[in-house]
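Student: okay, structure incoming, though there's no sequence with it:
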């Protein structure tokens with residue numbers, strides 16, 4: 001396993017405090033629904049220059065950094081604890097990878113819990129990917145943050161997709177809905193984004209009685225032997241830190257190619273905030289990884 005820890009820069013030490021304070025103020029003053037709040041927060045990531053947007057029916061958004069679509073495509077699966085998020089809100093975030101790689105990027109929508117509980121999201125994601133492959137797209141990189149990272153990992157369990165998915169990049173992936181990770185259960189962990197009950201309630205609303213150890217819900221428990229090259233990025237200040245480190249260890253032990261990057265002082269899905277040195281570095285690293293494979 002290739003594991004790297006990235007130290008907190010002096011700039012980011014100050015910027016993180018400012019960004020988290022602004023996030024808290026936004027949350028305190030927001031008067032809409034939780035879904036509206038989450039979309040507004042995610043939409044703060046600016047659209048990269050030179051990216052053309054195209055909506056496909058109601059199924060998601062394409063982001064094209066070039067004049068024409070390529071047969072090499074990024075599929076960016078949004079997070080939001082399976083209950084929040086939308087392709088429209090994630091356009092700016094996904095565009096940051098589209099412009100860094102030069103590859104067209106598709107951000108799909110998928111059915112959200114609690115209206116559409118497990119296994120609706122992973123089943124829908126497999127259908128979306130099968131549709132892209134049948135349309136002639138032959139090389140795909142999956143990217144996902146948090147629950148979206150888990151959905152990317154779940155999609156890799158399906159043999160019919162394996163030949164077309166060349167690599168995967170998961171950002172703060174939520175891999176274990178049993179919450180058995182040491183970081184989740186450490187009373188000294190001070191996650192600035194989540195309290196344990198937030199994730200526990202989200203898991204309950206998503207699973208609605210299904211087994212949390214089902215590998216389609218908790219990809220940590222899947223067989224990692226057949227995974228393509230995998231890049232995992234996570235912050236040191238996350239309840240889900242060990243969701244990432246345990247996944248990396250399992251993949252490495254199975255002989256898979258895995259790169260684990262831990263960013264000191266960083267919170268859940270810090271890559272959204274491109275004012276951070278760490279976010280820009282992480283996105284550049286992800287783009288280089290995607291190009292490599």
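Tutor: Received, thanks. In this text the structure is predicted, and so the values were computed from the model without any measurement. Numbering: from 1, shown residues only.
Student: any idea which helix or strand in this structure has the lowest mean pLDDT?
Tutor: The helix or strand of the chain with the lowest confidence, counting by mean pLDDT, DSSP states H and E, is helix 159-162 at a mean of 90.
Student: which helix or strand lies directly C-terminal to that helix?
Tutor: Downstream of helix 159-162, the next assigned helix or strand under DSSP states H and E is strand 165-171.
Student: what's that next one packed up against?
Tutor: If you count contacts as 3 or more Cβ pairs under 8 Å, 6 or more residues apart in numbering; DSSP states H and E, strand 165-171 packs onto strand 139-145, helix 147-155, strand 230-235, helix 277-292. Glycine gets a C-beta too; all of them are placed from N, C-alpha and C.
Student: for the ones you listed, give me CSV that also has mean neighbour count.
Tutor: Below are those laid out as CSV (neighbours: other Cβ atoms under 10 Å):
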stretch, mean neighbour count
strand 139-145, 25
helix 147-155, 28
strand 230-235, 28
helix 277-292, 19
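Student: so residue 102 makes contact with residue 65?
Tutor: Yes. Assessed by Cβ atoms under 8 Å, residue 102 is found in contact with residue 65 at 5.5 Å.
Student: what about those two, which has more around it?
Tutor: residue 65 (20 against 13; other Cβ atoms under 10 Å).
Student: for the more buried one, give its distance to residue 255.
Tutor: Counting by Cβ to Cβ, to the nearest Å, the gap from residue 65 to residue 255 is 34 Å.
Student: could you do residue 163 as well?
Tutor: For residue 163, the distance to residue 255 equals 19 Å [Cβ to Cβ].
Student: where does the protein dip in pLDDT?
Tutor: Scanning the chain for pLDDT under 70 picks out the ranges 67-69.
Student: how about the helices in it?
Tutor: With DSSP state H as the criterion, the chain has helices at 10-29, 34-42, 91-101, 120-134, 147-155, 159-162, 196-207, 241-253, 277-292.
Student: residue 7 and residue 266 touch, don't they?
Tutor: No. Counting by Cβ under 8 Å, residue 7 stays clear of residue 266, with 10.7 Å between them.
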